[in-house]
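Enquirer: Sharing a sequence plus its predicted fold:
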Amino acid sequence: MKKVLSFLVVGLLAANGAHASSHVGQCVFPKTKTLPNGNLSFVRAIDISDQPSPEAAIKPLVSMETYQISAEENGFIRLVTVPDYSLTDPQATAGKIVGWGKFRDFDVQAPRNCN
């Protein structure tokens, strides 16, 4: 009985840890620094690719917006746009795939800031 109970506890802990290691569904914002004039600037150039591969074609991220992570693969995260509540139809621009980037180039945001 003790063995069965210990296997159940270990199984639940392992399942919980596996879920916590995924970034899917989290909101992220590009890492920034504040310039002397008060404006924000990217800490470094952020490359966005069309595939989760270092060999894929890249383009620079130019928009300083909040994104949601929709997938993870090979150390890359797929970024999608979030609702823009400054528009009359906030969902009009939500869910569009931006591309694949590296998690290290982004800071995790609280879900309440995902807009």
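Expert: Received it, and whenever you're ready, just let me know what you need.
Enquirer: switch to C-alpha atoms for all contacts and neighbour counts from now on
Expert: Noted.
Enquirer: If you tally nearby residues, what's the number for R104?
Expert: When neighbours are defined as other Cα atoms under 10 Å, R104 has 12 of them.
Enquirer: Kindly report the same for V82.
Expert: With other Cα under 10 Å as criterion, V82 counts 21.
Enquirer: confidence score at the spatially most central residue of the chain?
Expert: Geometric centre of the chain, nearest residue: I69, 3.6 Å, by Cα atoms, centre = their mean. At I69, the model reports a pLDDT of 94.
Enquirer: if I pick it, what's in contact with it?
Expert: By Cα atoms under 8 Å, 6 or more residues apart in numbering, I69 lies in contact with 23-28, 77-80.
Enquirer: at 10 Å instead, please
Expert: Contacts for I69 (Cα atoms under 10 Å, 6 or more residues apart in numbering) come out as 22-28, 76-82, 97, 100-101, 103, 108.
Enquirer: do the same with S70
Expert: Contact analysis of S70 by Cα under 10 Å, 6+ apart lists 23-27, 77-81, 95, 97, 100.
Enquirer: D84 too?
Expert: 65-66, 90-94, 114-115.
Enquirer: and it, which of the three is it?
Expert: What DSSP: H, G, I helix; E, B strand; the rest coil gives for D84 is coil.
Enquirer: going forward, begin numbering at 644 instead of 1
Expert: New numbering, starting at 644: the last item is D727.
Enquirer: Buried only: go through the contacts of I712 for me.
Expert: 666-667, 670-671, 719-725, 743-744, 746, 751 (16 or more other Cα atoms under 10 Å).
Enquirer: pLDDT check: weakest of those?
Expert: Of all the buried ones among the contacts of I712, H666 carries the smallest pLDDT score, 87.
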